[in-house]
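Enquirer: with the sequence up front, the predicted model follows.
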Amino acid sequence: MSDWSNDPTAIEPRKNFLIRWIARIGRWLRNTFALIGFLTVLGPVILIWGLLNTGDSGRPGKAISKDTKKPFSLWVHLDSGIIEHEPRMGEAFFRQLFSREEGIYLPNIRSALRNAADDKLVKGVQVVIDGLSGSPADIEELRNILSDFKASGKPLISWVAHMDNSALLVASASDKIHLNPVAEISLPGPSFSMTYFGEGLKKLGVEMQVIRTGKFKSAFEPFVSNEPSAESREALASVERSMRDQMVKMIAQGRKKQDSEVFLWLKESFFTPAKAKELGIVDELTYVPHIDFESSEDRLIDEYADDSSISSRLTRGYSLRPDDGLGLIEAVGKITEFDDGEQSITPAAMAEEISWAMNDNNVKAVVLRIASPGGSASASDAIWDKIRALNEKKPVIVSMGSVAASGGYYIAAGGQHIIADASTITGSIGVIGMLPNLEGMKDKWGVSFHTVTQTNRANIIAGRKMTPQDQTYMQATVDDVYRTFKSRVSLSRKISMEKVEQLGQGRIYTGQQAKENGLVDEIGDLRDAFQHAKKVAGLDPNKLYPIHRYEPPTLSAAECLGSLSKLRKCFRIHGSSLRSEIETSLADSEFKEYQRMRKAGQVLKQGRVLAILPVAASI
């Protein structure tokens, strides 16, 4: 073995060794990046195909025994939270990867039960309720779906592990309710729990300075007080009564009881299982039966919510026109100026979808699904303007989800017709501006803040106590936003500014109350919104039409890795992007058939259209 350390010729071999080593590292890096690129592009495609073969997101289980020709019961597992929007393929993958709940997507449940009602082999539906959660409006809509199936005349049986408000409301649509013999029963009805920490902030030396309009606009109160104001108590009590009346009415109808009986159930709230049976809250005390889905003729809901039933559905007299259809735009989350990584509604993102809907000739009308508590006033106004412009060209029908209040109602005012669930929380027409005064932290904690600036509004910027001039400036800003908000509502609802002021001032309403005072047009769910959209678009209400949704442009792996914001965008849309890659990789004939089936699937799987029967001021 040579010792290069004392060899005068060692420089050249050492240099050659270094060059070879650098070249080897370069080849390794090149191969590694090539592999990463390959996996980035093709790996997810394979994953997507796998997800497509194992079932869609937003559904309770796996499809099994699809070749049976014997009568069977369809089992529906309601064991997680109701989600407002259908997860994209990538989102579903990450939910499964990190063992998160997939969630229950109501249009898939509706589609499955509609198929089950039509299928002669389905002898009935068994619903297992264990861990179901959702807003009052979501639960109400789920119950309506079960009621629609019950109208088919087939048996509908519910099995409840533990009884709470949501479980009883949903199960009350059934012919019979079975309850676990050792179940917990808690039926207090609607309630609002709030936390106030105004005194806590004061102890930290923080004073919140509030500028608002409307005596009922109360989102700031927890920051400055230790209890709700009289106005807050009044508004919440009114909403609670409306929601309780609606809940009592539905349960009484389903259980064939008097409203007064059900009212007393909720008043008493807690029962033993035996007492619940005695009162007629449930019918039987039995455990959920064990079902071996590998060998039993009974099946989970999934088979009836996926594309496998498309062919049979289309041969049953259903008509599908491949060109004309309806658009769906979902506005879910807090309204913000920019994407903050959370589920949010931004002007930029909405502009993309609205521009698509406006220019796509296949979209004859648009259903705008809103589930938002509000947020940025300026962002809400920008989105309102875009929706208004779209409505001038094509009808925009608004469907309100669990909540469409404040900024959520602001953007709804851009549509021509508003439909809400009876339990939707809406209204809250008002504006809040809130800035902290941190000066107390110096004496209490020894922390002080200093700002160098020439502006007259230095105290606002520096987090100090506002001057009278600051207060005047901020109040004028908030008043101006509130005035604009009211004008948008007045224009949309065709009511006077005086009436809007009476209905406004930050007060919240249930959907039923909003219908009575003219803030919404109709009580109904997403299905009703699509049916109305077909009507105003001049489409046949007895036919199926494609549901068109915005498909974001495909981003390459290099583009995704270009910045953190682009990477976040890729995570949000890569399911659609990869689906595009799958489509373009198919042969022409296969691609056309795939497109035809996918468009049909968008209608039949999602169940969104009836066949023959979707510190700036804060608001």
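Expert: Structure received.
Enquirer: when you work out contacts or count neighbours from here on, use the C-alpha atoms and nothing else.
Expert: Will do.
Enquirer: got a list of what Ile429 touches?
Expert: Shown in contact with Ile429 (C-alpha atoms under 8 Å, 6 or more residues apart in numbering): 217, 405-406, 409-410, 482, 485-486, 503-508, 619.
Enquirer: where does it land on pLDDT?
Expert: Ile429 is assigned 95 on the pLDDT scale.
Enquirer: report the secondary structure state of it.
Expert: Judged by DSSP: H, G, I helix; E, B strand; the rest coil, the three-state class of Ile429 is coil.
Enquirer: also the one 5 residues further on?
Expert: Reduced to three states with three-state DSSP, the structure at Met434 is strand.
Enquirer: domain assignment for this protein?
Expert: 10-53, 56-183+276-305, 306-430+467-604 (automatic domain parsing).
Enquirer: just the contacts of Ile429: which are in strands?
Expert: With strands defined by DSSP state E, the entries of those inside them are 405, 508.
Enquirer: which member of the contacts of Ile429 is positioned nearest Gln126?
Expert: Using C-alpha to C-alpha, Ala405 comes nearest to Gln126 of those, at 35.6 Å.
Enquirer: Ile329 versus that closest one, what's the distance?
Expert: Going from Ala405 to Ile329 by C-alpha to C-alpha, to the nearest Å gives 18 Å.
Enquirer: same thing with Ala389?
Expert: Going from Ala389 to Ile329 by C-alpha to C-alpha gives 15 Å.
Enquirer: ok, the two, which is more surrounded?
Expert: Ile329 (20 against 17; other C-alpha atoms under 10 Å).
Enquirer: so what's the spatially closest residue to that one that is not a sequence neighbour up against?
Expert: Counting by C-alpha to C-alpha, 6 or more residues apart in numbering, Leu368 is the residue found nearest to Ile329 once chain neighbours are left out, at 5.0 Å. With contact set as C-alpha under 8 Å, 6+ apart, Leu368 has these partners: 328-331, 396-399, 614.
Enquirer: could you rerun that using 7 Å?
Expert: Leu368 makes contact with 328-330, 396-399, according to C-alpha atoms under 7 Å, 6 or more residues apart in numbering.
Enquirer: got the CA coordinates for the host helix or strand of it in PDB?
Expert: Per DSSP states H and E, Leu368 falls inside strand 363-372. Presented in PDB, the C-alpha positions along strand 363-372 are these (Å, rounded to 0.1, in the frame of the first residue of the first chain):
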ATOM      1  CA  VAL A 363     -71.700  26.600 -16.500                       C
ATOM      2  CA  LYS A 364     -75.300  28.000 -16.700                       C
ATOM      3  CA  ALA A 365     -75.700  29.000 -13.100                       C
ATOM      4  CA  VAL A 366     -73.600  28.800 -10.000                       C
ATOM      5  CA  VAL A 367     -74.300  27.600  -6.500                       C
ATOM      6  CA  LEU A 368     -72.100  29.400  -3.900                       C
ATOM      7  CA  ARG A 369     -71.800  27.300  -0.700                       C
ATOM      8  CA  ILE A 370     -70.800  29.500   2.200                       C
ATOM      9  CA  ALA A 371     -69.700  28.300   5.600                       C
ATOM     10  CA  SER A 372     -67.900  31.200   7.200                       C
END
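Enquirer: list the neighbouring strands of that strand plus their orientation.
Expert: When pairing is defined by DSSP bridges, strand 363-372 lines up against strand 325-332 (parallel), strand 396-405 (parallel).
Enquirer: and the contacts of the very next helix or strand once past it?
Expert: The C-terminal neighbour of strand 363-372 among helices and strands, as given by DSSP H and E, is helix 377-393. Residues outside helix 377-393 that contact it (C-alpha under 7 Å, 6+ apart): 335-337, 346-347, 350-351, 354, 358, 407, 410-411, 414-416, 617-619.
Enquirer: sec struct for His178, please.
Expert: strand.
Enquirer: which residues sit in contact with it?
Expert: Counting by C-alpha under 7 Å, 6+ apart, the residues that His178 touches are 158-160, 282-286.
Enquirer: so which of those comes closest to Pro546?
Expert: Using C-alpha to C-alpha, those come closest to Pro546 at Ser158, 32.9 Å.
Enquirer: what about that closest one, neighbour count?
Expert: For Ser158, using other C-alpha under 10 Å, the count is 26.
Enquirer: can you pull the pLDDT of the closest residue to Lys444 other than its chain neighbours?
Expert: Nearest non-adjacent residue to Lys444, counting by C-alpha to C-alpha, 6+ apart: Gly205, 6.2 Å away. Here, the pLDDT recorded for Gly205 equals 86.
Enquirer: any weak-confidence spans in the stretch 1-150 of the chain?
Expert: For the stretch 1-150 of the chain, residues meeting the criterion pLDDT under 70 lie at 1-69, 85-102.
Enquirer: of the contacts of His178, grab the buried ones for ChimeraX.
Expert: Entered in ChimeraX, the line below selects the buried ones among the contacts of His178, by 16 or more other C-alpha atoms under 10 Å:
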select :158,159,160,282,283,284,285
